[in-house]
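> Structure for the following, please:
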Amino acid sequence: METPGLVVHGEAAPFSTALRSLLNNPQYSDVCFVVGQERQEVFAHRCLLACRCNFFQRLLGPKLGPGMPSPVVLSSVPADAFLAVLEFLYANSVRLHRHSVLEVLTAAVEYGLEELRELCLEFVVKVLDVELVCEALQVAVTFGLGPLQERCIAFIETHTQAVLERPVAEVAAPVVRELRLALLAPAELSALEEQNQREPLIPVEQIVEAWKCHALRRGDAARGAPCRRRRGTLPREHHCFLDLPFK
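Just a heads-up that it's a prediction; the model follows:
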């Protein structure tokens, strides 16, 4: 009987460095993305993206055919966030920055990259401050990231109530008014409504306006609530009826 072979491992650092050198490198690339509002070209390798991420496997399937296909346009994701996603896919590590981590987190959620999402969440918690917390709360509510939402609310309470002696809901009101509730899927909006009944934070009228937008399937239906996607917000299937430009 043949003795089972032994799996041995080479050094991880040189391997990671070699793969990282392929990032946005036109040499040997077989797909080109045009990303962000600036329409920046980003080069990549279909086989690597497809084996690492189901989103890209579907996006870059056999329909593109052999050879270099036409550029794949992803105008709603900022270039630096998209490059961070590719860095993680190529090297299984990524350098995060506080000014762009929420956009990377948004992309990770949209692309179904759970490990990258968790890394982003850990980073956000570490760097959370008064400048970041409002936008982080909006992302948490939009994508149903309960732990991050709770952390943001706790941060607001800790850093404002002692000084201003105002309720959390009152302190968070300027942020809550900017939430793009109409961009949530109906199931997400329903879950948010149930949670809001237990812990009132969002005015009922604002939730009603979001439901009106869904019911009438018109982006201009909810006059009292923002419906425009922020730059960096990736389109989702139920956004088709909004048909509004980015803010």
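
> Mean pLDDT per helix and strand in this protein: which one sits at the bottom?
When each helix and strand of the chain is scored by mean pLDDT, DSSP states H and E, helix 162-164 comes last, with a mean of 46.

> Look up which helix or strand the most centrally placed residue in the chain falls in, please.
The residue lying closest to the centre of the chain (CA atoms, centre = their mean) is Thr106, at 0.6 Å. Assigned by DSSP states H and E, Thr106 falls within helix 101-110.

> other SSEs contacting that helix?
Where contact means 3 or more CB pairs under 8 Å, 6 or more residues apart in numbering; DSSP states H and E, helix 101-110 is packed against helix 79-91, helix 114-127, helix 133-142. For every residue, glycine as well, the C-beta is placed using N, CA and C.

> hmm, 6 Å instead?
With contacts defined as 3 or more CB pairs under 6 Å, 6 or more residues apart in numbering; DSSP states H and E, helix 101-110 has these neighbours: helix 79-91, helix 114-127.

> What mean pLDDT does that helix get?
Here helix 101-110 scores 95 as its mean pLDDT.

> what's the answer for stretch 150-158, then?
pLDDT averaged over stretch 150-158 gives 87.

> next one: stretch 46-55
The pLDDT scores in stretch 46-55 average 93.

> now do stretch 14-21
90.

> quick one: buried residues of it?
Neighbour-count burial for stretch 14-21 flags Leu19 (criterion: 16 or more other CB atoms under 10 Å).

> ok so, going back, next, the angle helix 133-142 makes with the next helix or strand after the least confident helix or strand of the chain.
Using DSSP H and E, the helix or strand that follows helix 162-164 in sequence is helix 168-177. Relative orientation of helix 168-177 versus helix 133-142 (axes from the mean of the first three to the mean of the last three CA atoms, to 10 degrees): 80 degrees.
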